[in-house]
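Engineer: let me see the structure of the following:
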Amino acid sequence: MTLLAVVRLTLRELASKATMYILAGISTVVLIGTAFAVSASQTDAGSLITLFGQPLMEVPIPQDALVHFVRQMQAGLAGGLFTGIMLFGVFATAGIVPDMMERGTVDLYLSKPIARWELLLGKYLGGVAAIGVNILYFLVGAWLVFGIRTGVWDPALMLTALVMIFMFACLFGLVTFIGTWTRNTATTIVLTFLFLFIIEGPLLAHRESTLFRLSENTVYRTVIDGLFYLFPQISGMQAGAASHLSGATEIDWKPFLQAFLSGAAFFLGGAVLFKKRDF
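Structural biologist: Numbering: from 1, shown residues only. Modelled structure (predicted):
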């Protein structure tokens with residue numbers, strides 16, 4: 001068995017999950033709704049954006065303002081996709097590693113001529129590839145919809161697709177570690193959501209206005225800072241992606257580098273745990 005074979009097998013496994021079809025179905029409904037709802041008509045004075053046939057502004061706007069306005073709408077859609085990917089994507093992929101480590105299944109895998117780290121890497125890449133296909137489907141579809149309906153063919157949306165795949169890849173490094181550690185799908189989902197929606201976003205990312213108010217102790221605050229830099233900075237990457245799509249000229253790329261290093265470290269930690277497991 002080769003690494004590529006594990007990736008293909010993982011993709012087939014995920015393709016049979018209802019969650020993946022739900023995610024693709026939601027993307028399709030949103031794209032169809034957007035195609036029917038948004039349009040732009042050209043006049044001598046500029047462009048007039050309409051939503052469900054109703055003008056969104058009293059007077060037409062020039063082309064540069066139209067591009068900015070469309071970018072804001074695309075940023076809103078991309079933000080909604082990110083939330084959907086975090087919810088349904090984690091649901092769909094959290095069981096990849098725990099399912100592989102079940103008695104009988106793991107024995108079959110380990111009987112093949114493949115190293116344990118390659119097996120785990122194949123599962124990881126398969127999960128990222130499956131979610132990446134859904135991200136590309138939605139954002140390429142949105143790029144086509146907005147291009148056809150408004151005349152704005154903004155390449156920033158295409159780059160956002162790659163950025164969002166990168167963001168999920170960093171997060172999935174943590175998911176892989178949790179799955180290897182707990183060997184339980186439900187626990188992996190709960191801990192990942194706890195990290196995303198309570199620990200990383202509201203607490204660590206805004207630690208100056210939340211956790212730091214609990215104590216001024218230097219050791220305490222150093223530990224909190226350490227946790228902030230230990231885990232992937234998902235909120236920072238999301239803010240950077242939104243700024244890029246909205247047309248910001250300056251983007252802080254440090255969260256992307258930190259998330260890459262963190263995700264890689266968690267994956268390596270999972271590989272070490274998997275290697276030491278006695279099956």
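Engineer: centre of the chain to the helix or strand containing L136, how far?
Structural biologist: Assessed by DSSP states H and E, L136 sits inside helix 116-150. Relative to its chain's centre, helix 116-150 lies at 9 Å (Cα atoms, centre = their mean, to the nearest Å).
Engineer: can you check stretch 157-168 too?
Structural biologist: On Cα atoms, centre = their mean, the centre of stretch 157-168 falls 8 Å from that of its chain.
Engineer: ok, stretch 19-31 next?
Structural biologist: So, by Cα atoms, centre = their mean, the centroid of stretch 19-31 is 15 Å from its chain's centroid.
Engineer: need the contact partners of that stretch.
Structural biologist: Stretch 19-31 is contacted from outside by 14, 77, 80-81, 84-85, 88-89, 91-92, 130, 134, 137-138, 141-142, 145, using Cβ atoms under 8 Å, 6 or more residues apart in numbering. Glycine gets a C-beta too; all of them are placed from N, C-alpha and C.
Engineer: tell me the contacts of G179?
Structural biologist: 94-98, 101, 185, 188, 270.
Engineer: restricted to helices, list these.
Structural biologist: 96-98, 185, 188, 270 (DSSP state H).
Engineer: so which of these comes closest to A18?
Structural biologist: T185 (14.5 Å; Cβ to Cβ).
Engineer: number of nearby residues for L194?
Structural biologist: Residues near L194, counting by other Cβ atoms under 10 Å, number 11.
Engineer: the ones in helices among the contacts of G179: which two are farthest apart?
Structural biologist: For the ones in helices among the contacts of G179, and using Cβ to Cβ, no pair is farther apart than T185 and G270, which are 14.9 Å apart.
Engineer: what about these two, which has more around it?
Structural biologist: G270 (25 against 17).
Engineer: ok, the more buried one touching R183?
Structural biologist: No. Between G270 and R183 there is no contact under Cβ atoms under 8 Å: 11.3 Å.
Engineer: got a pLDDT number for the residue positioned nearest the centre of the chain?
Structural biologist: The residue lying closest to the centre of the chain (Cα atoms, centre = their mean) is F168, at 3.5 Å. pLDDT recorded at F168 is 93.
Engineer: so where does it fall, helix or strand?
Structural biologist: F168 is part of helix 156-182, with elements assigned from DSSP H and E.
Engineer: buried set for that helix?
Structural biologist: 156-157, 160-161, 163-182 (16 or more other Cβ atoms under 10 Å).
Engineer: likewise stretch 30-40?
Structural biologist: For stretch 30-40, by 16+ other Cβ under 10 Å, it's 30-31, 34-35, 38-40.
Engineer: please apply the same query to stretch 75-85.
Structural biologist: For stretch 75-85, using 16+ other Cβ under 10 Å, the buried residues are 75, 77-78, 81-82, 84-85.
Engineer: again with stretch 267-279
Structural biologist: Buried-residue list, stretch 267-279, by 16+ other Cβ under 10 Å: 267, 269-271, 273-274.
Engineer: wait, a helix at I251?
Structural biologist: No. Counting by DSSP: H, G, I helix; E, B strand; the rest coil, I251 is not part of a helix but coil.
Engineer: quick check: closest non-adjacent residue to it.
Structural biologist: G240 (4.9 Å; Cβ to Cβ, 6 or more residues apart in numbering).
Engineer: do R207 as well
Structural biologist: Here the residue nearest R207, using Cβ to Cβ, 6+ apart, is I224, at 5.3 Å.
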